[in-house]
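1. 3D model of this:
(chains A, B, C and D)
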Amino acid sequence: MSTFTPNEMMTIAASRALTNDDVCFVGIGAPSAACNVARLTHAPDITLIYESGTIGTAPEVLPLSIGDGELCETAVTTVPVPEMFRYWLQGGRITIGFLGAAQLDRFGNINTTVIGDYFHPKTRLPGGGGAPEIATSSHQVYITMAQSKRGMVEKIDFFTSFGHGEGGDHRKRLGIDTAGPTLLITDLAIWKPDAVTKEFTVVSLHPGMTREKVQETCGWTVKFAERLEETPAPTELELTTLRDLQARTKASHEGTVKRAA
Amino acid sequence: MSTFTPNEMMTIAASRALTNDDVCFVGIGAPSAACNVARLTHAPDITLIYESGTIGTAPEVLPLSIGDGELCETAVTTVPVPEMFRYWLQGGRITIGFLGAAQLDRFGNINTTVIGDYFHPKTRLPGGGGAPEIATSSHQVYITMAQSKRGMVEKIDFFTSFGHGEGGDHRKRLGIDTAGPTLLITDLAIWKPDAVTKEFTVVSLHPGMTREKVQETCGWTVKFAERLEETPAPTELELTTLRDLQARTKASHEGTVKRAA
Amino acid sequence: MAKFLPLKEAVAQNLKDGDTAAFEGFTHLIPTAAAHEAIRQGFRDLTLVRMTPDLVYDQMIGMGLARKAVFSYAGNPGVGLLRRLRDAVENGFPHPLEIEEHSHAAMANAYEAGAAGLPCAIFRGYRGAGLAEVNPNIRSVTCPFTGEKLAAVPAVRPDVTFIHAQKADRKGNVLVEGIVGIQKEAVLAAKRAVVTVEEVVDDFDDLHPNLCVLPAWTVHTISVVPGGSHPSYTHGYYARDNAAYLEWDEIAADRERFREWMQKNVMEKTAEDFAGRVEHLRKAA
Amino acid sequence: MAKFLPLKEAVAQNLKDGDTAAFEGFTHLIPTAAAHEAIRQGFRDLTLVRMTPDLVYDQMIGMGLARKAVFSYAGNPGVGLLRRLRDAVENGFPHPLEIEEHSHAAMANAYEAGAAGLPCAIFRGYRGAGLAEVNPNIRSVTCPFTGEKLAAVPAVRPDVTFIHAQKADRKGNVLVEGIVGIQKEAVLAAKRAVVTVEEVVDDFDDLHPNLCVLPAWTVHTISVVPGGSHPSYTHGYYARDNAAYLEWDEIAADRERFREWMQKNVMEKTAEDFAGRVEHLRKAA
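-> Below is the predicted model:
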């Protein structure tokens, strides 16, 4: 068994949650790596969709943006962006929407819009992009993020996308019939929403992680499942696949570094 | 000068009303022949659009249906049908919508739906197809039909598509900002709506036609313009172009007549 | 994920009495073989949806499969009327046919809304049109920004859609090209989709990325039926049999002649017979 | 009908102070050369619309061209934030920037509605989302069939849209291929459209019929600018200059460095300089 970083564990744990039958709406960063590791290991027929309109992509290297050329070149088909959001996302064809977060609360509500007041922000972030509708139209939402007290907060500054709101049946009360966030994978643990309250609860600790470390890097009082599991360490295949993918990606992106004046 | 039939005169007169800059939504039959004669004579750059999604077609023979293969093969581009009706017709890009009619009234209202009561029809006709929106979204509507008392009636049985309604500013009162029917070309005459009442008025008689013949084949009391012109007879080029087109078309359609058992 | 089945099983597994079914095709790629199979299997009480019901709808209605038709242009394209449909509407023969009639724009938008998972479509339409007065499924919404009144129709969501397409690859991805019509929307709007294709190829690696490809997981069943759209055509394979459309006008004019023709050309035939019907049309494609 | 003009004239004739302008591109085909030309000509008070404002919007905002931005994701794709846009929003530098923020789904639907000539778009969106509370242009309509409340946004109708595309033919028809994004809708929604292309070819006779082609009469002006989307890419011509996106993060972090970079790389350059910038990226395309 190789040693591995918490980020590698996070990506690999996320990849394991995906199946051959899933249709994933993929964001850039950890979601993209996780989806492609799944495709290159146990889920070769998984359908990866990037919001640029590329359906069924199989990139050799990870894209830097959601619209890199290789996504189109390897796709089953590439459709216009309005069609992507109408027929594919709103049409209910996405099983897993993968989201990251600048701020996350215990109910899976996400902020990637502003830190501070919306009209007088302390930090203006990029905004939601596809997230508001990914969060409500995908059958389920998986969230990945590295833990930190700044990121995992008691109260988010802005509801970029809706998770379980105030918890319980809040989604249902808004007429949202999809499951919402059903999985949170951090660099320390795997979390799932409580069946009733919908509060994210730690169900599995990654190897070497402790309850204390999880609590120290989280801004709310963490709930742990009664029976806490340990996430299986990355297998040799998983780790090699991820590292090869990242090495190919790095080489490819640096390949364009020479610049004209 | 060759002799020519009233139907040939009708088609050629209609073709003359089209210009190089027009974007025509073409129906099957006389409109299709007129549009293609225009394209093959004085308006080589006219854009012909058939509702099957073919934009900028240049067929060698007249299509039997609005979706014949040659329309696609010669088109600048072929788009899905929802796009055709949304971006191209509703988007206000059609300058001339060409309509035929089973029944027509003096205000350019058209019926191609039923003869008799809608719920208990004497004759069930094919229906409107694209006509209801062609009539209101095209900048102008041209109508072609052979005159008959059964076709040109005091009161149509069903408003398949709206012309000038009860006349005057009826379109405007419904919030319709396009011009509606601005030209009616029959086998006997050219008609234009009166500037105020919008009633179709004969402005030009085809060669050899008389006021009496026009009135005998029309179900309402015909208005004639004060200064009645005579439609110039088809030129040799126009007539040859139309006849060649029809001969090519006949040969082509008969070419598929051999049938398997 | 798409599975490959003979047409007989594909129809038996996906269509049932009382279904709302769309056999779509816009002059091009009409799924005739699938409609004939449905006729042979004798389904009843179908609600048949299609923008341009043509020969196969005339045949299904004439054979008594349909309870209701939803459409925007019920004609024999380029020829005239549909005489079996007329007989059903005017005389209730073989039994009465309920109709829900729209414009093309409305139907196209309704399929689009179905594919997009929306309950309704809005568009600028039906202004001054008589259908708005006789069809209770034509309503309106008001634009919350301009106050403009726009037409609204319910989304079309068939239980099952049948289309014909050029080809599938071995994984079950489907290519539709040429006049693509409303087929993609009709498939994506439906609960189940059955596609007949001219052929199966190894892969689609050489296709341009922007073509109309239905991923395998959006299609339920694929049947290989060469010639399956005759007398319609398949762009790149064979030409439209215009003579057959002209001939239909005579066949359908008479109840007895219609019955005899259906018996001989549909009831006693199979999907395999379509290949031979397009042989003489292949050169012209 | 499209006319061919040098980019300088194309921009001067089609853009004016106070316009609502879209320089669209979805990672692919970003019209950088057109945006740089707009910067050189020093327009003011523009309302800049785009789903994914990136480097060129950061540059236009940093150079003081914009009064307002309408967008759904204001980031440096794959890298992070847009630091000039941040400076404008957070500190009012170089002057305050009004923002109208949407989701991608809303913007895509709004362009689609613009292309379709509708006053608004409806979709199932913004449920539970904070933007609905801060953006007065997010409203709702009720489905007249199901009673479901759907989100509504006004159509996007730019005064002028700029896009970059692969090629035009001599008549002025334009081909966009690969990731086609929202470009067709952005062109059809606009009053005027300017397209920069990599090259002009004699005709499009060999193109597949279903590709994304904008007919010549939908485009106002075409300018031939090889490399005109750098550091974005043009499918089939040259690859994305990922390094330039990474480098931008540092350049834009500092007001002075930004100014210097703009002076040297934009103000003192012309559209002709783009060809050289993509030379080393052509093999990788």
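2. do a quick rundown of the strands in the stretch 101-250 of chain C.
-> C:120-123, C:139-142, C:149-154, C:160-169, C:174-176, C:192-201, C:212-214, C:221-224 (DSSP state E, counting those that start in this stretch).
3. include distance to D:Val134, mean neighbour count and mean pLDDT when you put these into TSV, please.
-> For the C-beta atoms, the positions are set from N, CA and C on the backbone; glycine is no exception. Below are the strands of the stretch 101-250 of chain C laid out as TSV (distance: least, C-beta to C-beta, whole Å; neighbours: other C-beta atoms under 10 Å in any protein chain shown; pLDDT from 0 to 100):
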stretch	distance to D:Val134	mean neighbour count	mean pLDDT
strand C:120-123	25	27	98
strand C:139-142	24	16	98
strand C:149-154	27	22	98
strand C:160-169	41	27	98
strand C:174-176	42	24	98
strand C:192-201	41	22	98
strand C:212-214	39	24	98
strand C:221-224	48	23	98
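4. so which of those strands gets nearest D:Gly117?
-> strand C:120-123 (9.5 Å; C-beta to C-beta).
5. near chain D at all, that closest one?
-> Yes: using C-beta under 8 Å from any C-beta of the partner chain, strand C:120-123 reaches chain D at C:120, C:122-123.
6. can you pull out the low-pLDDT segments for chain A?
-> Counting by pLDDT under 70, chain A has low-confidence residues at A:1-2, A:255-261.
7. near chain C, which residues of it are found?
-> Residues of chain A lying near chain C (C-beta under 8 Å from any C-beta): A:21, A:23, A:47, A:55-56, A:72-73, A:75-79, A:86-87, A:90-93, A:137.
8. ok, now with 6 Å
-> Taking C-beta under 6 Å from any C-beta of the partner chain as the contact definition, chain A meets chain C at A:56, A:72, A:76-78, A:86-87, A:90-92.
9. turn those residues into CSV, including distance to B:Arg243, secondary structure and neighbour count.
-> Formatted as CSV, those follow (distance: C-beta to C-beta, whole Å; DSSP: H, G, I helix; E, B strand; the rest coil; neighbours: other C-beta atoms under 10 Å in any protein chain shown):
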residue, distance to B:Arg243, secondary structure, neighbour count
A:Gly56, 52, coil, 21
A:Cys72, 49, helix, 24
A:Val76, 49, coil, 22
A:Thr77, 45, strand, 21
A:Thr78, 47, strand, 29
A:Arg86, 48, helix, 26
A:Tyr87, 47, helix, 23
A:Gln90, 53, helix, 22
A:Gly91, 51, coil, 21
A:Gly92, 55, coil, 16
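10. and the longest strand seen in chain A, how far out from the chain middle?
-> What stands out as the longest strand in chain A, according to DSSP state E, is strand A:223-230. Distance of strand A:223-230 from the chain centroid (C-alpha atoms, centre = their mean, to the nearest Å) equals 22 Å.
11. buried sites along the helix or strand following that strand?
-> Moving toward the C-terminus from strand A:223-230, the next helix or strand (DSSP states H and E) is helix A:236-254. When burial is assessed from 16 or more other C-beta atoms under 10 Å in any protein chain shown, helix A:236-254 yields the following buried residues: A:238-239, A:241-242, A:245-246, A:249, A:252-253.
12. which among those gets closest to A:Pro121?
-> Nearest to A:Pro121 among the buried residues of helix A:236-254, with distances taken as C-beta to C-beta, is A:His253, at 30.6 Å.
13. thought that closest one was touching D:Arg240?
-> No: counting by C-beta atoms under 6 Å, A:His253 does not reach D:Arg240; the two are 9.2 Å apart.
14. for A:Leu237, which non-adjacent residue is spatially closest?
-> If you skip the residues right next to it in sequence, A:Leu237 has A:Thr41 as its closest partner in space, 6.1 Å away by C-beta to C-beta, 6 or more residues apart in numbering or on different chains.
15. and the one you found, how many neighbours?
-> Residues contacting A:Thr41 under the criterion other C-beta atoms under 10 Å in any protein chain shown number 18.
16. look up how far chain C lies from it.
-> Distance, A:Thr41 to chain C, using C-beta to the nearest C-beta, to the nearest Å: 20 Å.
17. just to check, A:Thr113 is in contact with A:Arg124?
-> No: judged on C-beta under 6 Å, A:Thr113 makes no contact with A:Arg124 at a distance of 8.3 Å.
18. which one of these two is surrounded by more residues?
-> A:Thr113 (29 against 23).
19. can you name the residues that contact that one?
-> A:125, A:127, A:158, A:160 (C-beta atoms under 6 Å, 6 or more residues apart in numbering or on different chains).
20. which of the residues you listed count as buried?
-> Buried among the contacts of A:Thr113 (16+ other C-beta under 10 Å): A:125, A:127, A:158, A:160.
21. need those residues in JSON lines (columns: secondary structure).
-> As requested, the buried ones among the contacts of A:Thr113 are exported to JSON lines (DSSP: H, G, I helix; E, B strand; the rest coil):
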{"residue": "A:Leu125", "secondary structure": "coil"}
{"residue": "A:Gly127", "secondary structure": "coil"}
{"residue": "A:Phe158", "secondary structure": "coil"}
{"residue": "A:Thr160", "secondary structure": "coil"}
